[in-house]
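Colleague: Sequence and predicted structure are below.
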Amino acid sequence: MDDKQQQQQQQASKKPTITIKAFRSQVPMDPNYADKTWKLLKNAICEIHKQNASGLSFEELYRNAYNMVLHKYGERLYKGLTEVVEEHLRAVGEQVATAVDDTFLQALNKAWADHKVSMLMIRDILMYMDRVYVLHQNLPPVYDLGLQLFRDNIARALHTKDRIRASMLSIIQKERAGELVDRSLLKSVTQMLVELGVNNRTVYEKDFERPFLESSAAFYRVESQDFITCNSCPDYMKKVEQRMKEEMERVAQYLDSSTESKIKEVLETELITNHLKTLLEMENSGLVPMLRDDKIEDLCRMYALVGRVPNGLQSMRELLVGHVAATCRALVTDEDKQARPCEWVQALLDFRDKYERLLDDAFARDRTFAQALNQTFEQCVNLTQRAPEFISLFIDDKLKRGLKGVTDEEVDTLLDKVVILFRFLQEKDVFEKYYKQHLAKRLLLGRSVSDDAERAMISKLKTECGFQFTSKLEGMFQDMKVSADTMDGYKSWISQDAGSAPTVDLAVQVLTTGFWPTQSTQCCQLPTELLTACELFERYYMANRNGRKLTWQANMGNADVKAVLGSKKHELSVSTFQMVVLLHFNDTTKLTFHELQENLKISIPDLKRALFALTCGKAKILAKQPPGEKPDQFKETDIFFVNPKFKSKLYRVKVVALVQKETVEESAETRQKVDEDRKALIEAAIVRTMKARKTMTHSLLVAEVIRQLSPRFVPNPNIIKKRIESLLEREYLERSKEDRAVYNYLA
């Protein structure tokens, strides 16, 4: 098929189209159409204002307004509407202005309610104008136009603007004074002011909110000053809480929600900020008296209130820390309490418990408060160098006799509290020295009430300071276990050779020198029976242990001695030194102090303590001539003999040894040992750091050493400098040739 035939077929398949054109002749319009239609609409609007809208045909009125806009009379319609509504509102405004003060807001509210209803009806009639003409001309919609006209002709009219504000403030003032007011009326008026802003709150804020905030500030400024002058701090805070609650309720009931934050700021400024210092420092009822008297509820209220204002909690925290520091400092440095270490530590624990409760119950466990209190406690606890010793003595007392009849949970709680106090110590290595001495006495003399409590304490110390801190303490427990096994083997060995069995029942604890407190060997001339038993044990012990050396520590032992005193038999529980003294009276009736010292070879201080316990203690087994009540009153010529007047109903009599407090010399010796240990630790930290870094400046090296050692003690930078110089002399380090403040590590 050729191209011509295809074109003919395509033309035949097309359908015919019909075109409709507009009627060219125009329908003539009535030249008075706009006037007639507007007159009709104007009359309808007036009837709506008169509340006679029931007889109107809204469909017909809408059609007429539609036609006016359609025929380009939108401007005439909009201007006419503005004039009619404005004229009506002027008349309404004059009526409102004539109302007396008591009914003024009611009249205003009625005019506002009527106007809103009217404008809604008018808006429905002129809806097409809103959609077309108003939109194209960028004019306010009909309803918004009505709001603007009401604002300009009534709400901000010359004779009503100030009266609206004054009337509202007057009613609010009456309510603050305790009178009942019409809250619904106030809510309507405030809502009117918000709506008159047309999509913003400028009318509400400028005409009411700002004056309201200013008058509120003035009112509370005067009231707060009057009230704080005549009332205590707790009463004033309750009043503040009440006023703040009332104002928040006021906002919720009839003010705009945007006012809440602003009136809060006014209240906080006038009621709290302006009187913050006075409240906190009030003489008989401020923060310090509350802390002193445990006023939990008042402290909780104060924390909540001052937390609302800038720097409020900081001011409260500073005053709290100042009071705690002063009180804790007085407690720590109290010489009477220092004379009784256990009471000193217990007072500190009670003091800290009190403020821990306050943190939970009053200060919502505020982290800044907790940190400030912990720093204060740490500073105060370390005011005395004897704090490590006192804490160790407290633990010693509790583990010896203070935990009887106490549940495991209570024991754990007490140990946790002590560990927290230990955590505040800066000289933990000093504590370790004392704790090792006290633990040794408890283990060797069998005075610990609970092995579980002992191990729990060591476990807590290990958690705090690491394995190295407690390794020697754990070694002491291991020695006790090994000693028990050794004694079982010794007794079995003795039983195999009955002929060699000693007449003395000997119990020996073999102690590893590195684990236990180092003490100089106390010389003592032991009785023959005891020397024989000791030699037999040495023979057994050294048989399988080559290269070891046993050194007998008589001052750390105890003994049970059977004695006939008068007509009764007794078993006396005494120390090794006391036993040696008593056995000497088997051969003679009287001995002088000088003779005892010469025969027994016991040091004079130890001999005085032993004799004092035997002559002046509760169990006066020996008598002395002349009498003396203190060990330092004993003289070389004093005569001692068995007390013929001794009587006791008990078969077993325990002679309590004189508890000798650490002397100044002993304290100095302990401190010297600690200093020597510290030198080694500081040098180890220096070498360890330099080995890792190779090169460091002096200041960075000192800072790093302090950081590493601070868990045990805080080293003095001058001591660190001396240890660096010592390492330089021994060629562990060298100074850099370029900068003498830089050190290099020498492998």
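Modeller: That came in fine, so what should we check first?

Colleague: just the helices in the stretch 351-500 of the chain please.
Modeller: Applying DSSP state H, counting those that start in this stretch to the stretch 351-500 of the chain gives helices spanning 367-381, 387-397, 408-424, 428-445, 451-465, 467-496.

Colleague: Just tell me which of the ones you listed ends up closest to residue 566.
Modeller: Across these, residue 566 has its closest neighbour in helix 428-445 (28.6 Å, CB to CB). C-beta: built from backbone N, CA, C; applies to glycine.

Colleague: How about residues contacting the closest one?
Modeller: 385, 388-389, 391-393, 395-396, 399-400, 422, 425, 447-448, 454, 461, 465, 469, 472-473, 476-477, 480, 509, 516-517, 556-558, 670-671, 673-674, 677-678, 681, 711-713 (CB atoms under 8 Å, 6 or more residues apart in numbering).

Colleague: Report the inter-axis angle for it versus helix 387-397.
Modeller: Counting by axes from the mean of the first three to the mean of the last three CA atoms, to 10 degrees, helix 428-445 lies at 30 degrees to helix 387-397.

Colleague: Show me which parts of helix 428-445 are buried, residue by residue.
Modeller: 428-440, 442-444 (16 or more other CB atoms under 10 Å).

Colleague: still on that earlier bit, buried deepest among the helices of the stretch 351-500 of the chain, which one?
Modeller: Of all these, helix 387-397 has the most neighbours on average by mean count of other CB atoms under 10 Å, namely a mean of 23.

Colleague: low-confidence ranges in this protein?
Modeller: 1-29, 497-501, 518-522, 628-633, 658-667, 747 (pLDDT under 70).

Colleague: okay but residue 114 is in contact with residue 51, surely?
Modeller: Yes: using CB atoms under 8 Å, residue 114 is in contact with residue 51, at 7.1 Å.

Colleague: Looking at the two, which is more packed in?
Modeller: Neighbours per residue (other CB atoms under 10 Å) separate residue 114 from residue 51, with residue 114 holding more: 14 against 10.

Colleague: Which strands and helices lie in contact with the host helix or strand of the more buried one?
Modeller: Residue 114 belongs to helix 101-125 when assigned by DSSP states H and E. Contacts defined by 3 or more CB pairs under 8 Å, 6 or more residues apart in numbering; DSSP states H and E place helix 101-125 against helix 33-49, helix 58-70, helix 74-97, helix 142-150, helix 161-176, helix 183-196.

Colleague: Can you show me the helices along the stretch 201-350 of the chain?
Modeller: 202-204, 210-230, 233-254, 259-267, 276-280, 287-292, 296-306, 312-332, 335-338, 341-361.

Colleague: can you list these in a markdown table and add mean neighbour count and distance to residue 139?
Modeller: Supplementary listing: those in a markdown table, determined by neighbours: other CB atoms under 10 Å; distance: least, CB to CB, whole Å:
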| stretch | mean neighbour count | distance to residue 139 |
| --- | --- | --- |
| helix 202-204 | 19 | 20 |
| helix 210-230 | 15 | 30 |
| helix 233-254 | 17 | 33 |
| helix 259-267 | 17 | 32 |
| helix 276-280 | 17 | 54 |
| helix 287-292 | 19 | 63 |
| helix 296-306 | 19 | 52 |
| helix 312-332 | 17 | 52 |
| helix 335-338 | 12 | 87 |
| helix 341-361 | 17 | 64 |
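
Colleague: got a markdown table for those, with distance to residue 80 too?
Modeller: A markdown table is the format used below for the helices of the stretch 201-350 of the chain (distance: least, CB to CB, whole Å):
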| stretch | distance to residue 80 |
| --- | --- |
| helix 202-204 | 26 |
| helix 210-230 | 37 |
| helix 233-254 | 38 |
| helix 259-267 | 39 |
| helix 276-280 | 62 |
| helix 287-292 | 71 |
| helix 296-306 | 60 |
| helix 312-332 | 61 |
| helix 335-338 | 96 |
| helix 341-361 | 73 |
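
Colleague: for these, which one sits closest to residue 740?
Modeller: helix 312-332 (42.1 Å).

Colleague: Can you list the neighbours in contact with that closest one?
Modeller: For helix 312-332, the external contacting residues (CB under 8 Å, 6+ apart) are 272-273, 276-277, 280-281, 287-288, 291, 302-303, 305-307, 337, 344, 347-348, 351, 355, 366, 368-369, 372-373, 376-377, 379-381, 383-384, 387.

Colleague: tilt between it and helix 296-306?
Modeller: Using the same axes, to 10 degrees, helix 312-332 lies at 140 degrees relative to helix 296-306.

Colleague: heads up, I number from 738, so please use that
Modeller: Sounds good: first residue 738 from here, last item helix 1049-1069.

Colleague: Pull helix 1049-1069 out as PDB, backbone CA atoms only.
Modeller: Provided in PDB are the C-alpha atoms of helix 1049-1069 (Å, rounded to 0.1, in the frame of the first residue of the first chain):
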ATOM      1  CA  GLY A1049      21.800  29.100  94.900                       C
ATOM      2  CA  LEU A1050      23.100  25.600  95.400                       C
ATOM      3  CA  GLN A1051      26.600  26.800  95.200                       C
ATOM      4  CA  SER A1052      26.000  29.200  98.100                       C
ATOM      5  CA  MET A1053      24.300  26.500 100.100                       C
ATOM      6  CA  ARG A1054      27.100  24.000  99.300                       C
ATOM      7  CA  GLU A1055      29.800  26.500 100.300                       C
ATOM      8  CA  LEU A1056      28.100  27.200 103.700                       C
ATOM      9  CA  LEU A1057      27.500  23.500 104.200                       C
ATOM     10  CA  VAL A1058      31.200  22.600 103.500                       C
ATOM     11  CA  GLY A1059      32.400  25.400 105.800                       C
ATOM     12  CA  HIS A1060      30.300  24.100 108.700                       C
ATOM     13  CA  VAL A1061      31.300  20.500 108.000                       C
ATOM     14  CA  ALA A1062      35.000  21.400 107.800                       C
ATOM     15  CA  ALA A1063      34.900  23.400 111.100                       C
ATOM     16  CA  THR A1064      33.000  20.700 112.900                       C
ATOM     17  CA  CYS A1065      35.100  17.800 111.600                       C
ATOM     18  CA  ARG A1066      38.300  19.700 112.200                       C
ATOM     19  CA  ALA A1067      37.300  20.300 115.800                       C
ATOM     20  CA  LEU A1068      36.400  16.600 116.200                       C
ATOM     21  CA  VAL A1069      39.700  15.400 114.600                       C
END
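
Colleague: chain center to it, what's the gap?
Modeller: 14 Å (CA atoms, centre = their mean, to the nearest Å).
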